[in-house]
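Colleague: here's my sequence, what's the structure:
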Amino acid sequence: MIERWKGDGLVLLPAEPESAVRAAFSKVGSTATADVISMYATLGGMPEMDKEYWRLWSLADIQIENATSTATGVLFSDYLISCWSYRLVPNEDDTSSVFVDYFNDDQCIHVASSLEEFFGKYIEDPFQVLEGPHPGQEPGRDA
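Modeller: This is a model prediction of the structure:
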């Protein structure tokens, strides 16, 4: 994805050290799993959306957007200037599942069981993770 984003001329923020990732997630009441640490050790976020209108937030953005801790995970990215956002929920195997939150009082909808799966789907078909599923379309797992 990084090469694709660079090829598209997208500005990418510098990588973050593990200690900064752990501290940011701790401040919002969560745990930074190994895949989250790896992601931010590679890419510190994006100041602008990519051509699919998705944006990975910086650690500073995460702390602002997660001012109150919730059991439904940590908001870490958004689609189409926050039409909806994505949450990370730690798994027992030191990875994080990804859920979409439409902010409509329904439960969050499971998108991927790990960041690796999320980005694999994103590479294959970005709109598979960005445009669906919507509430009521797929039973899936809820957060």
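
Colleague: run a quick neighbour tally on the nearest residue to Gly45 once chain neighbours are set aside.
Modeller: Setting aside the residues directly before and after it, Gly45 is nearest to Ser58 in space (Cβ to Cβ, 6 or more residues apart in numbering), at 3.5 Å. (Glycine included, C-beta is placed from N, CA and C.) Neighbour count of Ser58, defined by other Cβ atoms under 10 Å: 20.

Colleague: over to Met1?
Modeller: 15.

Colleague: can you list contacts of stretch 84-92?
Modeller: With Cβ atoms under 8 Å, 6 or more residues apart in numbering as the contact definition, stretch 84-92 has outside contacts at 30-31, 33, 36, 65, 72-79, 96-103, 108, 111, 113-115, 143.

Colleague: oh, I was asking about stretch 114-129
Modeller: 1, 4, 35-36, 38-39, 52, 54, 88, 91, 95-98, 100, 111-112, 130.

Colleague: contact partners for Trp57?
Modeller: Counting by Cβ under 8 Å, 6+ apart, the residues that Trp57 touches are 45-46, 65, 75-78.

Colleague: tell me which of the residues you listed fall in helices.
Modeller: Members of the contacts of Trp57 lying in helices (criterion: DSSP state H): Glu65.
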